[in-house]
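K.L.:
coordinates for the following, if possible.
(one chain, ligands or ions: 1)
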Amino acid sequence: MKVNIDGETKTLLAVWYENGEVKLIDQRLIPDKIEIFTAKNSDDIYYAIKNMVVRGAPAIGVTAAYGLAMASKNKENMDEAVKRIASSRPTAYDLFKAIDYMKNNKFAESAARRYAMEITARSKKIGEYGNELIKSGDKILTHCNAGALAVVDWGTALAPMRIAHDSGKNIFVYVDETRPRLQGARLTAWELQQEGIEHSIIADNAAGYFMKNKDVNLVIVGADRIAANGDFANKIGTYEKAVLARVNNIPFYVAAPGSTFDFSIKSGDEIPIEERDENEVLIVNDKHLGPAESHARNPAFDVTPHEYVTAFITEYGLFKPEELKNLYSMIQRDLFMR
Ligand SMILES: CSC[C@H]1O[C@H](OP(=O)(O)O)[C@H](O)[C@@H]1O
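P.N.:
Numbers count the residues shown, from 1 in each chain. Have a look, this model is predicted:
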């Protein structure tokens, strides 16, 4: 992704592998500053994923792939390295897909590079297919960050918007701020600003207002894990956006690569939902919200039933929930996905 840093345009990736170390844009600091976090072992990789230095399902997978290649090169105990990285976050399926890929390819550096390249190329395909759904003048609502920062480059939900904009379509994006970690206000708004794509940050509670006022033409979100029937987990607050879109007859699309589909589970009931530290909800700008004695609940994801999904945008094309069997056969024939 093209990034303007102190007046200089640089090309940056969310994660890369350099001189046997894993480099990550520290997403906790965006938009205030761009700093690179360097991971030198599997403990650093665990820390980076757990603490959301890097976040977003495909980016977590690529980080795990590079991290395991690095661990193997450093002659770490690989059973322990795999276990440690696999325990970092439970919901994003790409993490486990990447670990299996690296196990099947002897934790080779070349395999990690191929994994990253495949994920990046596939996210661009998602953009190309998703662009076909966007007309000039469309106003699009998105939730959380499913941009280049959540992948390596391009993104999933943001990839169609990038390609539509680059092809000259006039689009506008409503960006849900996405409490509590504000991936929308901080990361998606920053990516769109870097790309020159018009947008407005809105409170999470305002999405229904704009949908009811017929000010949203379509919704595109990312995903962290998609079950065989099309139920999917995504950032907390996605479910209510899907319900609001249905009530207001607005198309609701889910953009995700094949690596996010978990065909081993029948429905969303089987998706593990990460519950994060309550202080992510309670503390804002180092200030405790509400009474000191109050506690908080902090589920990081929710599950949206497949009935609310118009279609999935993948690197294989568009699929309605009832067509996922066709996607499954295409993925089974895809050597990269084996
Ligand atoms: C392209 S996957 C992005 C996906 O991941 C985010 O969760 P988190 O920021 O906690 O890793 C969110 O669910 C996004 O839709």
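K.L.:
show me what the helix of greatest length in the chain is packed up against.
P.N.:
For the chain, the longest helix by residue count, based on DSSP state H, is helix 109-131. Under the contact criterion of 3 or more CB pairs under 8 Å, 6 or more residues apart in numbering; DSSP states H and E, the helices and strands touching helix 109-131 comprise strand 15-18, helix 57-73, helix 93-104, helix 158-166, strand 252-255, strand 311-314. Where you see a C-beta, it was placed from the backbone N, CA and C, and this is true even at glycine.
K.L.:
moving C-terminal of it, what's the next helix or strand?
P.N.:
With elements assigned by DSSP states H and E, the helix or strand that comes after helix 109-131 is strand 139-142.
K.L.:
how about that following strand, does it reach the ligand?
P.N.:
No: with CB under 6 Å from any ligand atom as the criterion, the ligand is not reached by strand 139-142; the gap is at least 8.7 Å.
K.L.:
in its sheet, which strands sit next to that strand, and in what direction?
P.N.:
When sheet partners are counted by DSSP bridges, strand 139-142 sits next to strand 172-176 (parallel), strand 218-221 (parallel).
K.L.:
buried deepest among those, which one?
P.N.:
Neighbour counts averaged per stretch over the strands paired with strand 139-142 are highest for strand 218-221, at a mean of 25; criterion: mean count of other CB atoms under 10 Å.
K.L.:
need the contact partners of that strand.
P.N.:
Residues external to strand 218-221 that are found in contact with it (CB atoms under 8 Å, 6 or more residues apart in numbering): 130, 133-134, 138, 140-144, 146, 157, 160-161, 234-235, 238, 241-242, 245, 250-255, 313.
K.L.:
buried subset of those?
P.N.:
Neighbour-count burial within those applies to 130, 133-134, 138, 140-144, 146, 157, 160-161, 234-235, 238, 241-242, 245, 250, 252-255, 313; the criterion is 16 or more other CB atoms under 10 Å.
K.L.:
quick one: name the residues of the stretch 1-150 of the chain near the ligand.
P.N.:
Listed as neighbours of the ligand in the stretch 1-150 of the chain under the rule CB under 6 Å from any ligand atom: R55, G56, A57, P58, C144, A146, A150.
K.L.:
now for those, which pair is the farthest apart?
P.N.:
Across those, the longest distance by CB to CB is 13.5 Å; it joins P58 and C144.
K.L.:
tell me how far the spatially closest residue to V152 that is not a sequence neighbour lies from V173.
P.N.:
Once its chain neighbours are removed from consideration, V152 has its nearest residue in T120; the separation is 4.6 Å (CB to CB, 6 or more residues apart in numbering). Separation of T120 from V173 (CB to CB, to the nearest Å): 22 Å.
K.L.:
reduced to three states, what does the closest residue to I36 other than its chain neighbours come out as?
P.N.:
For I36, the nearest residue in space outside its immediate sequence neighbours is K23; the separation is 5.4 Å by CB to CB, 6+ apart. Of the three states, K23 takes strand under DSSP: H, G, I helix; E, B strand; the rest coil.
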